[in-house]
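In: Fold the following and give me the result.
(one chain, ligands or ions: 1)
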Amino acid sequence: MHASDVADDLVEVLFTEAQIQARLAEMAAEIDRDYEGKDLVLVGVLRGAVMVMADLSRALTQHLEMDWMAVSSYGSGTKSSGVVRILKDLDADIAGRHVLIVDEIIDTGLTLSWLTSNLGSRGPASVEIATLLRKPEALQMPITPKYVGWDIPNEFVVGYGLDYRERYRNLRDIGTLSPKIYS
Ligand code: PRP
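Out: The predicted structure follows:
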């Protein structure tokens with residue numbers, strides 16, 4: 001789905017498909033440099049990170065393992081509920097390995113702060129975060145992702161994995177959702 005297919009639902013397109021791919025390529029180059037020769041495990045946070053994981057992993061030139069976790073932090077609305085629970089745990093043993101959590105957005109920071117500490121307790125060599133988007137104004141937890149695509153304003157964004165009531169995840173671009181959709 002392209003932004004033009006849902007133009008009436010969007011206030012604006014923040015990042016086009018081409019901009020997203022270009023930024024992911026830059027992030028991948030940094031990651032390739034930093035993890036050269038290391039045993040790298042990418043941990044995608046379902047479901048929103050599917051697109052970032054697919055494109056970021058393919059932009060990397062080294063061997064890696066992909067694994068997934070599903071945690072629940074949001075209800076069906078636009079606000080964080082403050083609740084994190086594991087819906088699906090890793091299959092991989094990460095002890096002694098370098099873990100890079102891959103997500104599409106850090107909003108309050110609650111999910112990834114909790115996840116970083118949870119994975120950190122499993123004896124990995126390192127745990128870092130790569131996120132495509134971050135909302136600095138919404139941050140409630142002190143977390144420092146090693147790789148950030150862009151900082152964005154505290155607005156409701158959809159597309160490229162980001163949903164509103166499960167819709168718009170398959171939008172190729174990232175856009176600001178019109179308040180008329182969720183109010
Ligand atoms: C999103 C996103 C992050 C989290 C960020 O997932 O993928 O994991 O919210 O929010 P936070 O910084 O306020 O914790 P969500 O819970 O919406 O699930 P989804 O990936 O299935 O859409």
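
In: Every contact and neighbour count from this point should use C-alpha atoms.
Out: Fine.

In: Shouldn't residue 21 be within a helix?
Out: Yes: secondary structure of residue 21 (DSSP: H, G, I helix; E, B strand; the rest coil): part of a helix.

In: which SS class is the closest residue in space to it that isn't next to it in sequence?
Out: With C-alpha to C-alpha, 6 or more residues apart in numbering as the measure, residue 55 is the residue that lies nearest to residue 21, at 7.5 Å, once sequence neighbours are left out. Reducing the assignment to helix, strand or coil with three-state DSSP, the entry for residue 55 is helix.

In: Could you pull up phi and psi at the closest residue in space to residue 164 that isn't next to it in sequence?
Out: Spatially, and ignoring its direct neighbours in sequence, residue 164 is nearest to residue 158 (6.7 Å; C-alpha to C-alpha, 6+ apart). Backbone dihedrals for residue 158, given as degrees, to the nearest 10, come out at phi -130, psi 160.

In: Can you verify my assumption that residue 158 contacts residue 174?
Out: Yes: distance between residue 158 and residue 174: 5.7 Å, which falls inside the contact criterion (C-alpha atoms under 8 Å).

In: Backbone dihedrals for residue 147, please?
Out: Phi and psi for residue 147, reported as degrees, to the nearest 10, are phi -130, psi 120.

In: and it, how far is that from residue 96?
Out: Using C-alpha to C-alpha, to the nearest Å, one gets 21 Å for the distance from residue 147 to residue 96.

In: same question, residue 171
Out: Taken as C-alpha to C-alpha, the spacing of residue 171 relative to residue 96 amounts to 37 Å.

In: neighbour-wise, which of those two wins?
Out: When residue 171 is set against residue 96 and neighbours are counted by other C-alpha atoms under 10 Å, the residue ahead is residue 171, at 21 against 12.

In: that's a strand at the more buried one, yeah?
Out: No: following the definition three-state DSSP, residue 171 is coil and is not counted among the residues of a strand.

In: Looks like it contacts residue 159 (just checking).
Out: Yes: taking C-alpha under 8 Å as the contact criterion, residue 171 and residue 159 are neighbours in contact, 4.6 Å apart.

In: can you pull out the helices in the chain?
Out: For the chain, the helices defined by DSSP state H cover 17-34, 50-59, 110-120, 179-182.
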